[in-house]
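Chemist: Sharing a model that was predicted from the sequence below.
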Amino acid sequence: MNYRQHITRVQLKGYGISHYQAKVVTKNIVPIGKENNTNIYLLSDAIASIKEYLAKPRITTKTRQSLISVLPKLIRQLDNVNPIIFGNGTDPELSKLSKKLFLQVSKTEQNLIKTKSQIATLQGKYKK
């Protein structure tokens, strides 16, 4: 599973919103798949749904604050990296090393996002 692009209700709870809020936010989103009994949603759809929900004038201040605090966490997970063309520099050795470094940083970032996603899942499962 691509942890950058997918999210579940349990993970949303782990990021700090209530079970009810997670249910309301994902109510109008079509799940892209299922893992065990858990629906999986596109992260971009969840972000759009939260923004749409925040546009409603009659939500409580507490709900608004919790949804606003979750948005940056979710946006950071999106894969907004533009590809870089290596090898156009004057020094081929430097280009080779920069490409290797970029790939390692990218792999580390993917592992970090995967870990944060798993933490959110666990927090959502055991949150009272």
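Modeler: Arrived safely, thanks for sending. Numbers count the residues shown, from 1 in each chain.

Chemist: Just to be sure, Asn39 is in a helix?
Modeler: No - assigned with DSSP: H, G, I helix; E, B strand; the rest coil, Asn39 falls outside any helix and is strand.

Chemist: hey, what's it bridged with?
Modeler: Lys34 (DSSP bridges).

Chemist: Give the ranges of residues in this protein that sit below the confidence cut-off.
Modeler: 1-4, 79-89, 127-128 (pLDDT under 70).

Chemist: which stretches of it form helices?
Modeler: Taking DSSP state H, the helices of the chain run over residues 9-14, 19-26, 43-54, 61-77, 92-126.

Chemist: Let me know the angle separating the third one from helix 61-77.
Modeler: Orientation note: helix 43-54 sits at an angle of 160 degrees relative to helix 61-77 (axes from the mean of the first three to the mean of the last three C-alpha atoms, to 10 degrees).

Chemist: what's the most buried one of the helices of the chain?
Modeler: helix 9-14 (a mean of 24; mean count of other C-beta atoms under 10 Å). Every C-beta, even on glycine, is put in place using the N, C-alpha and C of the backbone.

Chemist: Report all helices and strands that it contacts.
Modeler: helix 19-26, strand 38-42, helix 92-126 (3 or more C-beta pairs under 8 Å, 6 or more residues apart in numbering; DSSP states H and E).

Chemist: and if we set it to 10 Å?
Modeler: Judged by 3 or more C-beta pairs under 10 Å, 6 or more residues apart in numbering; DSSP states H and E, the packing partners of helix 9-14 are helix 19-26, strand 38-42, helix 43-54, helix 61-77, helix 92-126.

Chemist: Show me what the third one is packed up against.
Modeler: Looking back up the chat, that one is helix 43-54. strand 6-7, helix 9-14, helix 19-26, strand 38-42, helix 61-77.

Chemist: same deal with the second one?
Modeler: The criterion is 3+ C-beta pairs under 10 Å, 6+ apart, and the helices and strands that strand 38-42 contacts are strand 6-7, helix 9-14, helix 19-26, strand 33-35, helix 43-54.

Chemist: what's next to it, contact-wise?
Modeler: With contacts defined as C-beta atoms under 10 Å, 6 or more residues apart in numbering, strand 38-42 is touched by 1, 5-12, 25-26, 29-34, 48-49, 121.
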